[in-house]
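In: Generate a structure from the sequence data that follows.
(one chain, ligands or ions: 1)
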Amino acid sequence: MTQSTTNTPSFPPPQDEGSVTISYKGTTATLPVLSGTNGSSVIDIRNLQKDMGLFTFDPGLGTTASCESKITFIDGDKGVLLYRGYPITQLAEQSTFPEVAYLLLYGNLPTRHEYNEFVTRLEEKSLLHEQIRNFFNGFRRDAHPMAILCGTVAGLSGFYPEGTDTSNETSRDISAIHLIAKLPTLAAWAYKYSRGEPFVYPRADYSYSENFLNMLFARPDTPYKINPIYSRALDRILILHADHEQNASTSTVRLTGSTGAHPFACIAAGIASLWGPAHGGANEAVLKMLHSIGRKENIPDFIAKVKDKNSDVRLMGFGHRVYKNFDPRAKIMKKTCDEVLQELGIENDPLLELAVELEKYALEDEYFVQRKLYPNVDFYSGIIFKAMGIPESMFTALFAVARTVGWVSQWKEAFNDPLRRIYRPRQLYTGPEERDLKSSKQW
Ligand code: CMC
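Out: Presented below is the predicted three-dimensional model:
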């Protein structure tokens, strides 16, 4: 049975809210202002070049709405995050990752029947084609799991032809399911490969998170006993990371998708973008930072380096382009962290104590207060992963597993956008003007 998106709820188009008029060198243009359901209104600048011969300049696209979307809403000043209208705190407390995946993909929470059918589809597609095992042998054993994921996910484009026709909604949906289902298997196998241990296959009797933990930790000689606290914590972490509107990796996926590229190649591009330490690589970088600080006594020196404009040291796990308040995900992450450490009987984890102290120190420091820099989702996630026995190199891969849901949901949404066109930003050129060539042949 193939899920269609015909039951996706419909909403009114953007509302006309008036206009702004701008004048430049004797030319005037009237630009419409549009409002959505929530959030800032936007100035529609599409005719600016035609009417005035001007482009807009917005490095990092910090004030540009690059598309219309109905999936995720963030109010950065209030610290609000909604998936399809539902607050992240409610979803993290009450929902499951597959349910959230369904919600993000199709717009509504599933009925019981839809949920069971969706979970079965994911289970069926979680197995990899046996030849994909061969991909891994091409990598060094110490290859970063994100390198393996970039390569193997792009390589999937040569398999599963039933999802290749991007002009067909059913085909797009099949690819989306393949990707959500297969990412945990690929990520777990990347880890197994690094350890030289046999790959563990997905099992239909395990939930999505249980399966992932089992594929990471089970061995032929030692079956893995699922700890419900861990699988629940992982499920919650996956929910928290599932989508975050037009962040760098999602924009990469949308941009790549706008060319009509193969869906698996689009997700490989998203994985590459996520890998950077300013984005998904931050969870791994937080742990590295805590190790390098070492002791509470070293915090003031470290913070002094962070504040020094001549150093490129940043407080990893702090700050966000959109949140100018607490990242609501960070609060849930801290709570989950406490639960996991309690389960492990770790009353005083030195790394957690250091993180708590560092957070407190930064939140009271004028530099961070002035710039509205608060802990983000990555500040505590690494400590939880570490406590669960997940190695640091796998942290960003786990983020990729979760964010695949957001990527495919946003990638699919773009196909139904009547304004869909290839992404092609412009530039403010500051290089040389045209000049005549005098090449080495004329010496
Ligand atoms: N440590 C020290 N200073 C910072 C930090 C930080 N973590 N983040 C921002 N600043 C300063 C920055 O130097 C600038 O100062 P000034 O105005 O004096 O030049 C000011 O705050 C504004 O920063 P920005 O670089 O314009 O902010 P941005 O929106 O371009 O960057 C960010 C956002 C997330 C890349 C940045 O805050 C950062 O590098 N944080 C650390 C990495 C991190 O934790 N990333 C995970 C983000 S959440 C998960 C995800 O998106 O994947």
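In: Cross-check the contact I'm expecting between Pro375 and Ile332.
Out: No - using Cβ atoms under 8 Å as the test, Pro375 is too far from Ile332 to be in contact (11.7 Å). Any C-beta I mention is one placed from the backbone N, CA and C, and that applies to glycine too.
In: Tell me which of those two has more neighbours.
Out: Pro375 (27 against 21; other Cβ atoms under 10 Å).
In: Could you measure from that one over to Leu398?
Out: Pro375 is 19 Å from Leu398, where distance means Cβ to Cβ, to the nearest Å.
In: try Leu290
Out: Counting by Cβ to Cβ, the gap from Leu290 to Leu398 is 18 Å.
In: same question, Glu297
Out: 32 Å.
In: Then Val100?
Out: 15 Å.
In: give me the residue from this structure nearest the ligand.
Out: Gly319 (2.4 Å; Cβ to the nearest ligand atom).
In: quick one: that residue and Leu373 touch, right?
Out: Yes - using Cβ under 8 Å as the test, Gly319 is close enough to Leu373 to be in contact (4.3 Å).
In: Around the ligand, pick out the residues from the stretch 51-200 of the chain.
Out: Gly60 (Cβ under 6 Å from any ligand atom).
In: What segments of the stretch 51-200 of the chain are helices?
Out: 88-94, 97-106, 112-125, 132-137, 145-155, 169-195 (DSSP state H, counting those that start in this stretch).
In: Of the ones you listed, flag the one that's most buried.
Out: Highest mean neighbour count among the helices of the stretch 51-200 of the chain (mean count of other Cβ atoms under 10 Å): helix 97-106, with a mean of 24.
In: Just want the angle from that helix to helix 112-125.
Out: Angle, helix 97-106 to helix 112-125, by axes from the mean of the first three to the mean of the last three Cα atoms, to 10 degrees: 100 degrees.
In: rewinding a little: phi first, then psi, for the residue of the chain closest to the ligand.
Out: phi 90, psi 150 (degrees, to the nearest 10).
In: OK, contacts around it?
Out: Going by Cβ atoms under 8 Å, 6 or more residues apart in numbering, Gly319 touches Arg371, Leu373, Tyr374, Asn376.
In: Could you tell me how many residues sit around the last one?
Out: The reference is to Asn376. 24.
In: Grab the nearest non-local neighbour of it.
Out: Leaving aside its chain neighbours, Asn376 sits nearest to Asp327 (4.4 Å; criterion: Cβ to Cβ, 6 or more residues apart in numbering).
In: Am I right that the one you found is in contact with Val377?
Out: Yes - with contact defined as Cβ under 8 Å, Asp327 counts as touching Val377 (5.5 Å).
In: Tell me where the stretch 101-250 of the chain is predicted with low confidence.
Out: Applying pLDDT under 70 to the stretch 101-250 of the chain flags no residue at all.
In: ok, Ile271 - how many residues close by?
Out: A count of neighbours around Ile271, defined by other Cβ under 10 Å, yields 31.
In: Please apply the same query to Asn108.
Out: For Asn108, using other Cβ under 10 Å, the count is 13.
In: hang on, isn't it packed against Arg84?
Out: Yes - Asn108 is within contact range of Arg84, at 7.5 Å (criterion: Cβ under 8 Å).
In: Could I get the contacting residues of Trp189?
Out: Trp189 neighbours (Cβ under 8 Å, 6+ apart): Leu128, Arg133, Phe136, Phe199, Met215.
In: Thr404 too?
Out: Contacts of Thr404 (Cβ under 8 Å, 6+ apart): Leu179, Ile180, Leu183, Ile267, Gly270.
In: Also Ala387?
Out: Ala387 sits next to Cys337, Val340, Leu341, Leu344, Ile346, Asp349 when contact means Cβ under 8 Å, 6+ apart.
In: Can you tell me the closest non-neighbouring residue to the fourth one?
Out: Of all residues beyond its chain neighbours, the one nearest Leu344 is Ala387 (5.8 Å), with distances taken as Cβ to Cβ, 6+ apart.
In: coming back round to it: of Glu297 and Leu398, who's got more company?
Out: Between Glu297 and Leu398, counted using other Cβ under 10 Å, Leu398 has the larger neighbour count: 24 against 9.
In: now whichever strand or helix holds that one, how far from the chain's geometric center?
Out: Element membership for Leu398 (DSSP states H and E) is helix 395-415. The chain centroid and the centroid of helix 395-415 are separated by 6 Å under Cα atoms, centre = their mean, to the nearest Å.
In: Tell me the residues of the stretch 301-443 of the chain that contact the ligand?
Out: Residues of the stretch 301-443 of the chain lying near the ligand (Cβ under 6 Å from any ligand atom): 306, 314-321, 371, 373, 376-378.
In: change it to 8 Å
Out: Neighbours of the ligand within the stretch 301-443 of the chain, by Cβ under 8 Å from any ligand atom: 306-307, 309, 313-322, 327, 367-368, 371, 373, 376-379, 399.
In: Can you say which of the residues you listed are buried?
Out: 306, 314-320, 322, 327, 368, 373, 376-379, 399 (16 or more other Cβ atoms under 10 Å).
In: For Thr63, find the nearest of the helices of the stretch 51-200 of the chain.
Out: helix 88-94 (24.3 Å; Cβ to Cβ).
In: Show residues contacting that closest one.
Out: Under Cβ under 8 Å, 6+ apart, the answer for helix 88-94 is Leu81, Leu82, Tyr83, Val100, Leu103, Arg236, Ile239, Leu240, Pro328, Arg329, Lys331, Ile332.
In: Serialize these to CSV and add fields for distance to Arg140.
Out: Formatted as CSV, the contacts of helix 88-94 follow (distance: Cβ to Cβ, whole Å):
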residue, distance to Arg140
Leu81, 38
Leu82, 42
Tyr83, 38
Val100, 35
Leu103, 39
Arg236, 34
Ile239, 34
Leu240, 32
Pro328, 39
Arg329, 34
Lys331, 39
Ile332, 37
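In: what's the closest non-adjacent residue to Ala330?
Out: Pro375 (4.4 Å).
In: beta partners for that neighbour?
Out: Beta bridges link Pro375 to Phe318, judged by DSSP bridges.
In: got the contact list for it?
Out: Residues near Pro375 by Cβ under 8 Å, 6+ apart: Gly317, Phe318, Phe326, Asp327, Ala330, Glu359.
In: again, only this time at 6 Å
Out: Gly317, Phe318, Ala330, Glu359 (Cβ atoms under 6 Å, 6 or more residues apart in numbering).
In: Val405 too?
Out: Under the criterion of Cβ under 6 Å, 6+ apart, the contact partners of Val405 comprise Ala101, Leu104, Ile180, Ala242.
In: if we go to 10 Å?
Out: 83, 97-98, 100-105, 176, 179-180, 183, 238-239, 241-243 (Cβ atoms under 10 Å, 6 or more residues apart in numbering).
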